[in-house]
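# below is the sequence, then the predicted model.
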Amino acid sequence: MGVLQQQVALVTGAASGIGSAIADAYAAEGARLFLADRDADRLAALAERYTAQGTEVATAVVDVADAEQTRQMVESCVSELGAPDILVNSAGILTEVPLVDMDVETWDQMIAIDLRSVFLCCRWTVPHMVARGSGRVINIASQLGIKGGEGLVHYSAAKAGVIGLTKALAREVGPSGVLVNAIAPGPVFTPLVDGISADWKKAKQAELPLGRFGVPAEVAPTAVLLASDPGGNLYVGQTLGPNSGDVMP
């Protein structure tokens, strides 16, 4: 029996990177998965693989920055699998541009996908958890939301917003039995970093005490811990940092 046996986990950004690794880890622990992403082909392939493994799974192709689409996503999860026991907000984008060269559209897109989406998914999911008296929300932030990064003002600001949202929401709903926490990974080899320059990645790797980037499978166990009972029972408003030593709070 896995530690998440029969738990309903709604994971956004599930088709690749950290979101996909978390979905794999949750499936291995017995969770029932509702996976959301904008990549329909990857979602279909994932659903086929999980079904073949015996995992109950449903999917939704979603623009997580869209209020109505995210509301419908949660309603679909409730109708197909049940109200989520676990929400993982992992959808995000990453682009690199200095602020002095940044156009407003680039800023707005980053805030919409990396921050607004977290609010929206929490807005439609958390009421179900509060009504039930239990639930876990896990928001994927970044160590750059704590320390900042050159050429990444928009990304750093969005992820700092995720951390602030996590702390405030944890205070609001913790007394109702809903535990809200964040994971702030360091540099991780995912499709997300493909658009970042080789020079930036080389310089960042040299800064790390471990001397290397992580891989998604090294982040996923933290999401299992936060979702589990009793492992995650005392984490409230925390930001956990599997980050190769980039940030040491």
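Done, it's in. Residues are numbered from 1 along each chain as shown.

# got any ranges where the protein has weak pLDDT?
The model of the chain has no residue with pLDDT under 70.

# spatially central, which residue of this structure would that be?
residue 90 (2.2 Å; Cα atoms, centre = their mean).

# phi, psi for it please.
phi -120, psi -10 (degrees, to the nearest 10).

# tell me which element residue 211 is part of?
Assigned by DSSP states H and E, residue 211 belongs to neither a helix nor a strand.

# once you drop chain neighbours, what's closest to residue 98?
residue 151 (5.4 Å; Cβ to Cβ, 6 or more residues apart in numbering). In this view, the C-beta of every residue, glycine as well, is placed from N, C-alpha and C.

# swap in residue 210?
Spatially, and ignoring its direct neighbours in sequence, residue 210 is nearest to residue 244 (4.1 Å; Cβ to Cβ, 6+ apart).

# need phi/psi at that neighbour.
phi 60, psi 20.

# let me see the contact set for the residue nearest to the centre of the chain.
The contact partners of residue 90, by Cβ atoms under 8 Å, 6 or more residues apart in numbering, come to 11-14, 17-19, 22, 140.

# please redo it, this time with the cut-off set to 6 Å
12-13, 18-19, 140 (Cβ atoms under 6 Å, 6 or more residues apart in numbering).

# show me the two of those that sit farthest apart.
12 and 18 (11.0 Å; Cβ to Cβ).

# how much space between the residue of the chain most remote from its centre and residue 153?
Going by Cα atoms, centre = their mean, the residue of the chain most distant from its centre is residue 100, 29.0 Å out. Noted for residue 100: a distance of 10 Å to residue 153, by Cβ to Cβ, to the nearest Å.

# what comes up buried for the host helix or strand of residue 158?
Taking DSSP H and E as the criterion, residue 158 maps to helix 153-173. The neighbour-count check on helix 153-173 (16 or more other Cβ atoms under 10 Å) flags 153-163, 165-167, 169-170, 173 as buried.

# can you check stretch 97-114 too?
97, 107, 110-114.

# export these to a markdown table and tack on distance to residue 235 and secondary structure?
Putting these into a markdown table (distance: Cβ to Cβ, whole Å; DSSP: H, G, I helix; E, B strand; the rest coil) gives the following:
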| residue | distance to residue 235 | secondary structure |
| --- | --- | --- |
| 97 | 34 | coil |
| 107 | 32 | helix |
| 110 | 27 | helix |
| 111 | 27 | helix |
| 112 | 28 | helix |
| 113 | 26 | helix |
| 114 | 22 | helix |
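
# among these, which two are most distant?
Maximum pairwise distance in those, criterion Cβ to Cβ, is 16.1 Å, between 97 and 112.

# and for residue 54, the neighbour number?
8 (other Cβ atoms under 10 Å).

# swap in residue 51?
Residue 51, neighbours per other Cβ under 10 Å, totals 11.
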